[in-house]
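Enquirer: when you get a sec, could you give me coordinates for this:
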Amino acid sequence: MSWSRVLNIQLACDNPAVWPNGRGKLMKISARNVLEGKILEVQKGATTAHVTIDVNALKITASITNEAVDELGLKAGGTASAVIKASDVLVAVK
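Expert: Below you'll find the model as predicted:
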C-alpha cells in the first residue's frame, strides 16, 4: 500500500467532528481526520495498550492507556474511530 493512499483517506475526512461529551450533549472537536473502522486487535502491556483498527483495508494502530481501553470497552470485532490530529506530515523514501 502506498503512503499516498493513507494521506488520501485521512484528508478525505474534512468535516468537523461531533462527539458525545458524556453529559447528554454533543461537543465539537478540532480534529478533522475521524476514521471509523473495525477493531482488529487490542494488545495490553504493563501500562499501555496497542489498538489496531481496520479502516477500508488500512490498519491504523494507536497506543493508549490500559485504563482507556477498559473505560471505552474496546474489544476485537467492535467498532471504533481513529481520531487523528497532527501538526506535521513527514515524508520518507527508501
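Enquirer: for this structure, what spans make up the helices?
Expert: With helices called from DSSP state H, the chain shows them at 3-11, 66-72.
Enquirer: which stretch in those helices is the model least sure about?
Expert: Across the helices of the chain, helix 3-11 has the smallest mean pLDDT, namely a mean of 41.
Enquirer: give me the low-pLDDT residue ranges for this structure?
Expert: Confidence mapping of the chain against pLDDT under 70 gives the ranges 1-25, 27.
Enquirer: max-length strand in it?
Expert: In the chain, taking DSSP state E as the definition, the longest strand is strand 33-44.
Enquirer: who are the packing partners of it?
Expert: For strand 33-44, the packing partners by 3 or more CB pairs under 8 Å, 6 or more residues apart in numbering; DSSP states H and E come out as helix 3-11, strand 48-55, strand 58-65, helix 66-72, strand 79-84. Placement of C-beta: from N, CA and C, glycine included.
Enquirer: contact partners for the residue nearest the centre of the chain?
Expert: A centroid search over the chain (CA atoms, centre = their mean) returns Ala82, at 1.3 Å, as the residue closest to the centre. Contact partners of Ala82, counting by CB atoms under 8 Å, 6 or more residues apart in numbering, are Asn33, Val34, Leu35, Gly37, Ile53, Val55, Ile60, Ala62.
Enquirer: re earlier: strand partners of the longest strand of the chain, parallel vs antiparallel please.
Expert: strand 48-55 (antiparallel), strand 79-84 (antiparallel) (DSSP bridges).
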